[in-house]
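J.: everything below, folded, please.
(one chain, ligands or ions: 1)
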Amino acid sequence: METDYGPLALLIGRWEGSKGLDVAPEPDGEEHNPYRETIEFCPIGEVGNAQRQTLVALHYRQRVSRLSDGKVFHDETGYWMWDAERETVMQSLTIPRGVSLLAGGHVRRMREGMRLQVAAGGLEWGIAQSPFMRDHARTCSFEHWIEVCDDRLSYAESTIIEIYGRRFVHTDRNELIRAGS
Ligand code: HEM
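T.: Take a look at the predicted model:
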């Protein structure tokens, strides 16, 4: 029987967008980076846990480059997972700064698509980071919503970082269109 990816089925494939905007910390303020990106979601099948939980999962890879010079300045990978019985969606992500996290949340289905909303940083959904990042650029929380309607995907994420002696709200958002299945 074919795997049922539930709400995640709408994500499968390759997406592209060039309307991204990143707001990132600087010692004396913030930088604004317009960007383009590709995100690819690949189905990887079912995963059973403790003989009592069945997840379906997609692996994703996101590559983001500055519009100004075309250079990749954010590279991210991880999994989206769906637990149908508990109606819980999870995103694990890793970025090559020495930061990984597991965010959890829920899905809202709409007539033309769906919205996934996940967060990390509380007691249940954790953030792991290197001792250097913990001490100098600590990720305190992460929130992400992602909406898919037909062949359009939009997202917004907000990461709170303690850096340069203050709390900074690092944000990213973009709109992408389906570029392949
Ligand atoms: C499209 C997504 C993202 C883009 C384009 C992006 C881009 C950036 C940029 C340009 C900086 C400043 C780097 C510097 O000044 O050297 C930065 C810093 C940082 N980002 Fe992101 N970021 C993204 C997502 C994330 C996510 C999801 C996390 C973690 C959950 C994260 C964690 C951090 C941390 C901890 C820093 C502080 C390091 C520093 O400024 O030296 N970022 N990011």
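
J.: pull out the buried residues from stretch 68-76.
T.: Neighbour counts over stretch 68-76 (16 or more other CB atoms under 10 Å) mark 74, 76 as buried. Placement of C-beta: from N, CA and C, glycine included.

J.: need the contact partners of it.
T.: For stretch 68-76, the surrounding residues in contact (CB atoms under 8 Å, 6 or more residues apart in numbering) are 22, 33-35, 37, 61-66, 93-96, 172.

J.: 7 Å instead, please
T.: With CB atoms under 7 Å, 6 or more residues apart in numbering as the test, stretch 68-76 has contacts from 62, 63, 64, 65, 66, 93, 95, 96.

J.: and the ligand, which of these contact it?
T.: When CB under 6 Å from any ligand atom is applied, the members of the contacts of stretch 68-76 adjacent to the ligand are 64, 95.

J.: quick one: which of the contacts of stretch 68-76 is nearest residue 107?
T.: Of all these, the one with the least separation from residue 107 (CB to CB) is residue 93, at 17.8 Å.

J.: in a markdown table, list the contacts of stretch 68-76 along with secondary structure, neighbour count and pLDDT.
T.: Supplementary listing: the contacts of stretch 68-76 in a markdown table, determined by DSSP: H, G, I helix; E, B strand; the rest coil; neighbours: other CB atoms under 10 Å; pLDDT from 0 to 100:
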| residue | secondary structure | neighbour count | pLDDT |
| --- | --- | --- | --- |
| 62 | strand | 19 | 98 |
| 63 | strand | 15 | 98 |
| 64 | strand | 21 | 98 |
| 65 | strand | 19 | 98 |
| 66 | strand | 16 | 98 |
| 93 | strand | 21 | 98 |
| 95 | strand | 17 | 98 |
| 96 | coil | 9 | 98 |
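
J.: report the two of the contacts of stretch 68-76 separated the most.
T.: Taking CB to CB as the measure, these span a maximum distance of 20.3 Å, between 66 and 93.

J.: show me what the helix or strand hosting residue 61 is packed up against.
T.: Following DSSP states H and E, one finds residue 61 within strand 53-66. Secondary-structure packing of strand 53-66 (3 or more CB pairs under 7 Å, 6 or more residues apart in numbering; DSSP states H and E): strand 29-49, strand 72-83.

J.: can you say which of those strands is nearest to the ligand?
T.: Using CB to the nearest ligand atom as the measure, strand 72-83 is the one of these that comes nearest the ligand, at 3.6 Å.

J.: fine by me, we can end here.
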